[in-house]
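Asks: Would you be able to build a 3D model of this:
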Amino acid sequence: MSGLNWKLCRRRIHGVTLMGFFNLFGFSRKPGPDEAVLVQLEKAGANLSKPHNIEFFLYFPTQAAAEQAANQVRKDGFQAEVGPAAKGNEWLCFVTKRMSPTLVELEKIRHDFEAITSALHGQYDGWGTPVEE
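Replies: Residues are numbered from 1 along each chain as shown. Okay, here's the model as predicted:
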C-alpha cells in the first residue's frame, strides 16, 4: 500500500474508531451536508473511488450574477450553464465536474462556492450525482 493510501486508510480507521469511542459514551456527531450525501451514496451502492458526474447548484437573484459565477468556476475546471431557475425569479448557475467524490474535495468546493455565492448575493444549494457502481 502506498504511503498516501496508508495515510488515508489510517485516517479513516482513526475517524471510525474515534466515532465509535464517542458513541460508547452517548456522544454523537451529526455529519455535515457533504458527508451525509456521501453516506447515502455508499448505502445506494456507489463506488466512491470511481469518478462521478457531480452536479452543483448555485442560485442568484440576477442573470448577470449567475453569469459572473459561471465565469469564475470555469477558471477552476468546472463546466457551467446559466438559465432561469425552475421556480421563482432566481437564476441557476448549474455547475458540473467529473471527479471522484471525496469529502475533503467536496468540502473545499462547498467553501469556494459559498464564497462566490455570498459575494454575488446568491446561495449555494449543494450537489448531487447519479450512483456509479
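Asks: can you list the domains in the chain?
Replies: Listed domain ranges for the chain are 1-30, 52-128 (source: automatic domain parsing).
Asks: For the ones you listed, give me TSV that also has mean neighbour count and distance to residue 44.
Replies: Just so you know, the C-beta spots here come from the backbone N, C-alpha and C atoms, and that holds for glycine as well. Below are the domains of the chain laid out as TSV (neighbours: other CB atoms under 10 Å; distance: least, CB to CB, whole Å):
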stretch	mean neighbour count	distance to residue 44
domain 1-30	10	20
domain 52-128	16	12
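Asks: and of those, who's closest to residue 40?
Replies: domain 52-128 (9.8 Å; CB to CB).
Asks: secondary structure element for the residue sitting nearest the centre point of the chain?
Replies: For the chain, the residue sitting closest to the mean C-alpha position, by CA atoms, centre = their mean, is residue 106 at 3.7 Å. Following DSSP states H and E, one finds residue 106 within helix 103-119.
Asks: same for that helix, what does it pack against?
Replies: Under the contact definition 3 or more CB pairs under 8 Å, 6 or more residues apart in numbering; DSSP states H and E, helix 103-119 sits against helix 33-43, strand 52-60, helix 63-74, strand 123-128.
Asks: how about a cut-off of 10 Å?
Replies: Helices and strands touching helix 103-119, by 3 or more CB pairs under 10 Å, 6 or more residues apart in numbering; DSSP states H and E, are helix 3-24, helix 33-43, strand 52-60, helix 63-74, strand 91-99, strand 123-128.
Asks: Residue 102 against residue 50, yeah?
Replies: No - applying CB atoms under 10 Å as the test, residue 102 and residue 50 come out as separate, 11.7 Å apart.
Asks: quick one on the thing from earlier: and the residue lying closest to the residue nearest to the centre of the chain once chain neighbours are set aside, how far is that from residue 69?
Replies: Spatial nearest neighbour of residue 106, chain neighbours left out: residue 34 (4.2 Å); criterion: CB to CB, 6 or more residues apart in numbering. Distance, residue 34 to residue 69, by CB to CB, to the nearest Å: 19 Å.
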